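Chemist: Here is a sequence with its predicted model. Questions after.
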Amino acid sequence: MHTSGRRAIGIIPARLAATRLPNKPLLDIAGKPMIQWVYEHACEARTLADVLVATPDEEIYRAVESFGGKAVMTSVEHRSGTDRLAEAAKSPVCPEADVIVNIQGDEPLLDPAAIDLLAEAILADPAIPMASLMCALSPHEEDEPAVVKVVTDLRGFALYFSRARIPYPRHPAPAWKHIGLYAYTREFLLTFPTLPPTPLEQAESLEQLRALENGYRIRMVATDFTPTSVDTPEDLEKVRGILSSSPSFP
């Protein structure tokens, strides 16, 4: 638990339906399902008082319970992981928390230190409703739409997220890649799904823009951690190789 007295927990939204890699959370990686790797690494974060998986699928629920983890069943109707998180946060089985960290279920190489860096930023300031991570943008990623970019103000709050190159490099300027690890106050997490989708959110297909368009601040925290999401069979084989040779990663 954080020394401020405020309490943070991690929730991992996970579902079987995936276009490019069906049954992704349950795929075997070095003798464990992917969701177990994510769960165990999340549990190593010193800022989290508890971790649970939120899922609409009984197969995932049973898998999590089988390795000694905690899980909660959620609706199959949710449009996003944030909606699933909000339902889980209201569940009677969810531990009480001031801050909830949204942990991606397809990050078996998750670094617990990245969770701590993010959680500490929002635990330290109750006025911040939402926080996320960013890392340096590589030159080859500047024009890649799948790589989300972010620009911030001088205090580190997000000004805009885009799939396009931002800022335009007329003069040298820092360029940041957004990492999809989020932390919310419980109050804001429950508010967010009640906000209608917004024009920029729909144009960019980036849910976090809904918060900015409604006037909420997002604190961005710089990190050296670079995520390795498992979205394709090629990603899966790469991660299998890493964890088979170094199961204590990171």
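Modeler: Sure, I can see it.
Chemist: The helix or strand harbouring Val53 - which strands sit beside it in the sheet, and in what orientation?
Modeler: Taking DSSP states H and E as the definition, Val53 sits inside strand 48-55. Applying DSSP bridges to the sheet, strand 48-55 is found paired with strand 8-13 (parallel), strand 71-73 (parallel).
Chemist: Of the ones you listed, which is nearest Pro233?
Modeler: strand 8-13 (22.0 Å; CB to CB). All C-beta spots, glycine's among them, are computed from the backbone N, C-alpha and C.
Chemist: What mean pLDDT does the helix or strand just after that closest one get?
Modeler: Next helix or strand after strand 8-13 toward the C-terminus (DSSP H and E): strand 28-29. The average pLDDT within strand 28-29 is 95.
Chemist: What residues sit buried inside stretch 77-84?
Modeler: Neighbour counts over stretch 77-84 (16 or more other CB atoms under 10 Å) mark 78, 81-84 as buried.
Chemist: tell me which of the residues you listed is nearest to Arg170?
Modeler: Thr82 (34.8 Å).
Chemist: From the centroid of the protein, which residue is nearest?
Modeler: Centre of the chain computed as the mean C-alpha position; nearest residue by CA atoms, centre = their mean is Leu181, 2.9 Å away.
Chemist: For that residue, list the residues it contacts.
Modeler: 101-104, 114-115, 118, 132-133, 227 (CB atoms under 8 Å, 6 or more residues apart in numbering).
Chemist: If you count neighbours, what's buried in whichever helix or strand it is part of?
Modeler: According to DSSP H and E, Leu181 maps onto strand 176-185. By neighbour count with 16+ other CB under 10 Å, strand 176-185 contains the buried residues 176-185.
Chemist: And the next helix or strand past it?
Modeler: Using DSSP H and E, the helix or strand that follows strand 176-185 in sequence is helix 186-191.
Chemist: Packing partners of that next one?
Modeler: Helix 186-191 sits against helix 81-90, strand 99-102, with contacts defined as 3 or more CB pairs under 8 Å, 6 or more residues apart in numbering; DSSP states H and E.
Chemist: Let's see that with 6 Å instead.
Modeler: In terms of contacts (3 or more CB pairs under 6 Å, 6 or more residues apart in numbering; DSSP states H and E), helix 186-191 is packed against helix 81-90.
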